[in-house]
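A.B. asks: Sharing a model prediction with you, sequence too.
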Amino acid sequence: MPSPEIIFDALFAYQRSAALKAAIDLDVFTAIDEGAHSAADIAKRSGSAERGIRILCDYLTIIGLLAKPGGAYQLTPDTAAFLSKKSPMYLGTTAQFLTLPEMKKNFDGLTETVRRGGVLPTGNTVADENPVWVEFARSMAPMMMPAGHAIAGMLGGPDGGAIKVLDIAAGHGMFGIIIAQANPNAEIVAVDWKPVLAVAEENARAAGVHSRYKTIAGDAFKVDFGTGYDVVLVPNFLHHFDHATCTTFLKKCHAALKPGGKVVVVEFVPNADRVSPPMAAAFSLTMLAGTPSGDAYTMAELEKQLGDAGFRNISAHALPTPETVVLAQK
């Protein structure tokens with residue numbers, strides 16, 4: 001028989017994100033990982049009311065983020081890996097950015113956005129020096145670490161010799177920083193808005209690569225990159241713009257590279273059906289709600305953009321995250 005359950009699940013989805021954010025704020029997952037398995041013990045650890053913790057943890061169990069064998073709350077393998085601060089893969093900081101009011105409000109007017117096919121300029125999350133990108137830089141770095149290490153591996157280690165790397169829309173800076181850690185002969189030049197670059201520079205100092213970490217502050221479409229780069233990183237950038245803008249920007253990246261240099265594009269890449277895999281395909285809605293003309297591009301679309309910009313030897317490489325690395329050569 002037909003069931004309305006999937007409909008109500010979608011309509012109540014905001015409760016899921018609110019519950020997860022509350023549990024992260026109260027450090028519920030770490031408390032459980034450290035031995036607090038009853039509502040009373042978790043409440044004591046988090047400074048919360050026992051009733052509140054009981055209802056929250058039961059809800060988290062219902063939606064699959066906790067287990068409750070014999071009445072004791074336990075982490076699932078996923079929450080143990082990504083939501084306990086005891087784990088080196090902790091991703092709890094991402095909630096600070098993903099649940100920002102500025103990000104959630106993009107969906108309040110989705111009906112009109114769908115009618116228009118994009119947001120008005122005042123709702124554009126990629127507007128000049130939008131302060132949300134400082135929070136992005138501070139919150140999202142842990143999520144990017146696996147991709148950063150994979151990219152550094154693709155580019156080679158210290159035996160690869162000196163390389164000059166341009167990191168576009170660097171944000172937290174971890175893509176370039178990890179390359180610099182892997183190769184002591186690598187020089188990184190990061191491009192982003194000045195307040196965002198301050199976060200990247202903090203991370204570069206903490207990683208011990210600040211002496212090889214330079215910055216160019218400003219609009220990536222307008223600033224002078226210079227030339228002579230061996231690698232240009234374009235991580236999570238193209239999806240904010242339409243095809244023509246992406247192609248024009250990739251031409252600028254092509255001009256900045258040495259002959260034989262590589263561009264490294266990181267993107268959510270849906271299959272040709274545009275509905276799989278789920279996370280990459282669903283990212284198109286995020287771009288519809290937050291940009292005038294952005295999208296999640298298929299591999300064929302990215303190949304067209306790169307080819308039209310003058311790149312060759314285009315190849316796709318899976319990451320240990322929902323994203324894909326696309327490599328191409330000048």
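C.D. replies: Yep, that arrived.
A.B. asks: quick one: the closest residue to residue 126 other than its chain neighbours from residue 168, how far?
C.D. replies: In space, and not counting its chain neighbours, residue 126 is closest to residue 240: 4.6 Å by C-beta to C-beta, 6 or more residues apart in numbering. Every C-beta, even on glycine, is put in place using the N, C-alpha and C of the backbone. According to C-beta to C-beta, to the nearest Å, residue 240 and residue 168 sit 12 Å apart.
A.B. asks: just residue 109 next, same as before
C.D. replies: The gap separating residue 109 from residue 168 is 30 Å, by C-beta to C-beta.
A.B. asks: cool, residue 245 as well?
C.D. replies: Remark: distance between residue 245 and residue 168 (C-beta to C-beta) = 14 Å.
A.B. asks: So those two - more neighbours on which side?
C.D. replies: Between residue 245 and residue 168, counting by other C-beta atoms under 10 Å, residue 168 is the more crowded of the two (28 against 15).
A.B. asks: partner residues bridging that one?
C.D. replies: For residue 168, the beta-bridge partners are residue 191 (DSSP bridges).
A.B. asks: So it versus residue 161, what's the distance?
C.D. replies: Residue 168 is 23 Å from residue 161, by C-beta to C-beta.
A.B. asks: same question, residue 66
C.D. replies: Here the criterion is C-beta to C-beta. By it, residue 66 lies 49 Å from residue 161.
A.B. asks: neighbour-wise, which of these two wins?
C.D. replies: Applying other C-beta under 10 Å to residue 66 and residue 161 shows that residue 66 carries more neighbours, namely 22 against 10.
A.B. asks: in the strand or helix carrying residue 57, what counts as buried?
C.D. replies: For residue 57, the host element (DSSP states H and E) is helix 50-62. For helix 50-62, the neighbour count (16 or more other C-beta atoms under 10 Å) marks 53-54, 56-57, 59-60 as buried.
A.B. asks: Just the CA coordinates for stretch 86-105, please, in CSV.
C.D. replies: What follows is stretch 86-105, C-alpha atoms only, in CSV (Å, rounded to 0.1, in the frame of the first residue of the first chain):
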residue,chain,number,x,y,z
LYS,A,86,38.3,11.1,20.1
SER,A,87,38.4,10.2,16.4
PRO,A,88,41.1,11.8,14.1
MET,A,89,38.3,11.9,11.4
TYR,A,90,36.0,14.2,13.5
LEU,A,91,33.7,16.3,11.3
GLY,A,92,31.6,18.0,13.9
THR,A,93,33.0,21.4,13.0
THR,A,94,31.2,21.3,9.6
ALA,A,95,27.9,21.8,11.4
GLN,A,96,28.9,25.4,12.2
PHE,A,97,29.1,26.3,8.5
LEU,A,98,26.4,24.0,7.1
THR,A,99,23.7,25.3,9.5
LEU,A,100,24.6,29.0,9.3
PRO,A,101,21.4,31.1,9.1
GLU,A,102,22.9,32.6,5.9
MET,A,103,23.0,29.1,4.4
LYS,A,104,19.6,27.9,5.6
LYS,A,105,17.8,31.1,4.5
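A.B. asks: so how far is it off the chain centroid?
C.D. replies: 10 Å (C-alpha atoms, centre = their mean, to the nearest Å).
A.B. asks: Give me the contacts around that stretch.
C.D. replies: Residues from elsewhere that reach stretch 86-105 (C-beta atoms under 8 Å, 6 or more residues apart in numbering): 17, 20-21, 24-25, 29-30, 33-34, 80-85, 125, 130, 132, 135-136, 138-143, 290.
A.B. asks: Point out the other elements, helices or strands, that the top strand by length along the chain touches.
C.D. replies: Longest strand of the chain, by residue count under DSSP state E: strand 257-267. Applying 3 or more C-beta pairs under 8 Å, 6 or more residues apart in numbering; DSSP states H and E, we find strand 257-267 packed against helix 141-155, strand 229-235, helix 243-256, helix 299-308, strand 324-329.
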